[in-house]
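> 3D model of this:
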Amino acid sequence: MRVLVTGADGFLGSGLARRLANTAAGLSRLTLTDRRFVGKSAQIAGADLMPGDLTQSDFLDTLFEPGFDIVYHLASMPGSQAEAEQARGHKINLVAPLDLAWRTAASRRGARFVFASSIAVYGDVAAEVISEATPTSPGLSYGAHKLMTEILLTDLARRGELSAISLRFPGLVARPRAESGHGSAFMSQIFHKISAGENFSSPVPALARCWWMSRAAAVEALLQASHLQSDAPTVLLPPALCASMAEMVQAIEAVEGRPASIQWGDDTRLTRLFGAMPDIDASLARSLGIAGDADLQSLARAAISGD
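Numbers count the residues shown, from 1 in each chain. Next up, the predicted model:
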């Protein structure tokens with residue numbers, strides 16, 4: 001089995017790459033690609049590292065010379081950055097995944113293509129409960145690009161050219177402290193700050209309701225998705241936890257065994273985008289064996305430990 005992971009040196013990609021290298025049965029070739037390798041993925045024994053630009057056709061020609069049985073497409077430009085750099089965001093978040101999908105189908109008809117989509121496809125959510133059936137209305141180019149990619153993958157699956165699944169992930173925690181460009185960065189910073197005993201100035205109020213998922217749970221969802229039957233739904237909403245910022249602080253305090261020092265803000269834009277989330281109906285994903293974090297304290301432990 002030949003497997004490709006794009007964005008393999010990123011937060012989610014590095015976690016997936018390590019799991020695949022350590023546990024994947026029947027893996028004959030693991031190819032990891034990113035613009036460059038400076039993190040832990042560079043140390044994975046037995047993996048083929050192919051640094052390069054997914055928007056360049058000559059690089060894709062080389063990358064796809066052998067073809068792949070499974071492709072995990074995780075590479076993207078963060079939403080806030082893509083909004084500021086429209087042309088680059090278009091190339092990286094739309095043109096590149098469409099090209100990857102077509103090349104995957106051309107190299108091996110029916111190959112599994114697992115796409116890291118986003119809850120950004122929903123935009124400003126008015127529904128009380130969100131599911132795969134909730135109407136989409138992206139409020140950012142990032143979400144629009146994710147939705148357009150989902151549509152192409154669904155069409156390729158309909159035609160029998162790919163076995164495609166898009167997972168609509170929320171913001172994952174806890175991303176490295178140095179990462180920027182993610183509007184939801186405050187959702188990761190809260191773990192780092194409290195764990196280090198530092199003051200945290202939250203841009204959103206204590207009652208802001210967010211969707212939370214650890215990297216470990218997201219990696220499990222990707223692995224489960226890659227093994228679903230070919231007639232499985234092409235779009236899934238993985239189980240995330242819906243909790244207020246204050247509730248997450250309590251969970252982190254319980255794990256760390258110390259009180260947190262928090263100053264609450266009221267950034268209306270960030271609250272609208274990330275802190276006004278309704279409940280999630282992830283029953284479809286759960287019925288297919290995709291589970292999320294067990295509870296807030298389990299998520300906090302995973303986030304603080306780096307999983």
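> shaky segments in the stretch 151-300 of the chain?
179-181 (pLDDT under 70).
> can you give me the helices in it?
Remark: helices assigned in the stretch 151-300 of the chain by DSSP state H, counting those that start in this stretch are 186-195, 215-226, 245-256, 268-274, 283-287, 296-305.
> Out of those helices, flag the one nearest residue 36.
For those, distance to residue 36 was read as C-beta to C-beta. The smallest value, 20.5 Å, belongs to helix 215-226. The C-beta positions use only the backbone N, C-alpha and C, and glycine is treated the same way.
> could I get the helices of the stretch 151-300 of the chain as a markdown table with mean neighbour count?
Below are the helices of the stretch 151-300 of the chain laid out as a markdown table (neighbours: other C-beta atoms under 10 Å):
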| stretch | mean neighbour count |
| --- | --- |
| helix 186-195 | 22 |
| helix 215-226 | 22 |
| helix 245-256 | 19 |
| helix 268-274 | 18 |
| helix 283-287 | 15 |
| helix 296-305 | 20 |
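> those helices in the stretch 1-150 of the chain, which residues are they?
In the stretch 1-150 of the chain, helices defined by DSSP H, counting those that start in this stretch lie at 11-23, 57-63, 79-84, 86-90, 96-107, 141-158, listed in chain order.
> Pipe those helices into TSV and attach mean neighbour count and distance to residue 203 per row.
Listed next are the helices of the stretch 1-150 of the chain as TSV, based on neighbours: other C-beta atoms under 10 Å; distance: least, C-beta to C-beta, whole Å:
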stretch	mean neighbour count	distance to residue 203
helix 11-23	20	20
helix 57-63	13	38
helix 79-84	19	13
helix 86-90	14	23
helix 96-107	20	30
helix 141-158	21	19
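> Relative to residue 123, which of those helices is closest?
Proximity to residue 123 (C-beta to C-beta) singles out helix 141-158 among the helices of the stretch 1-150 of the chain, at 6.2 Å.
> The closest one packs against which elements?
Secondary-structure packing of helix 141-158 (3 or more C-beta pairs under 8 Å, 6 or more residues apart in numbering; DSSP states H and E): helix 79-84, helix 86-90, helix 96-107, strand 111-118, strand 162-169.
> domain parsing for the chain?
Using automatic domain parsing, the domain ranges for the chain come out as 2-172+213-236, 173-211+241-281+289-305.
> What is the end-to-end distance of the first one?
Chord length of domain 2-172+213-236, first to last residue, is 24 Å (C-alpha to C-alpha, to the nearest Å).
> First-to-last residue distance for stretch 119-131?
10 Å.
> for that stretch, what is the average pLDDT?
For stretch 119-131, the mean per-residue pLDDT is 90.
> And stretch 96-110, by the same measure?
What stretch 96-110 shows for mean pLDDT is 97.
> can you give me the offset of it from its chain's centre?
The chain centre lies 20 Å from the centre of stretch 96-110; the measure is C-alpha atoms, centre = their mean, to the nearest Å.
> ok, residues contacting it?
For stretch 96-110, the external contacting residues (C-beta atoms under 8 Å, 6 or more residues apart in numbering) are 6, 54-55, 57, 60, 64, 66-69, 71, 73, 75, 111, 113, 115, 145, 148-149, 152-153, 156, 160-164, 230.
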